[in-house]
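[1] Quick one: sequence plus predicted model below, questions after.
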Amino acid sequence: MQKIKEEEMEKIIGGDTISGPVIEGLKILADTLLNAGRAVGSALRRLTTKNLCPCKF
């Protein structure tokens, strides 16, 4: 592998933009975390208020 001179390194362009798939991935991650937080919050609220559905087998 060759070493790049400093002048050549300054001419390198790219890698500083956020692409569409990255933004979409972050959106999906945020949606997943939000839904998980809602589920945990609802479960905690139902447990603390004893508002659970009875299990019938």
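    Right, received. Where do you want to start?

[2] Show me the helices in the protein, by range?
    6-10, 20-48 (DSSP state H).

[3] Now render these as CSV, adding distance to C55.
    From N, CA and C alone the C-beta is placed, and that goes for glycine too. Converted to CSV, the helices of the chain look like this (distance: least, Cβ to Cβ, whole Å):
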stretch, distance to C55
helix 6-10, 66
helix 20-48, 14
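
[4] so of those, which one's packed in deepest?
    Of all the helices of the chain, helix 20-48 has the most neighbours on average by mean count of other Cβ atoms under 10 Å, namely a mean of 10.

[5] least reliable of the helices of the chain going by mean pLDDT?
    Note on the helices of the chain: helix 6-10 shows the lowest mean pLDDT, a mean of 87.

[6] Output that helix as CSV, nothing but the C-alphas.
    Output of helix 6-10 as CSV, limited to C-alpha atoms (Å, rounded to 0.1, in the frame of the first residue of the first chain):
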residue,chain,number,x,y,z
GLU,A,6,-0.3,15.6,2.4
GLU,A,7,-1.0,17.6,-0.8
GLU,A,8,-2.9,14.6,-2.2
MET,A,9,-4.8,14.1,1.0
GLU,A,10,-6.1,17.7,0.9
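
[7] Can we start the residue count at 11 from this point?
    Done: numbering now begins at 11, and the last item shifts to helix 16-20.

[8] Which residues outside that helix are in contact with it?
    Outside of helix 16-20, no residue comes within contact range by Cβ atoms under 8 Å, 6 or more residues apart in numbering.

[9] Off-centre distance for that helix?
    35 Å (Cα atoms, centre = their mean, to the nearest Å).

[10] go on, stretch 37-53?
    Put simply, stretch 37-53 sits 10 Å off its chain's centre (Cα atoms, centre = their mean).
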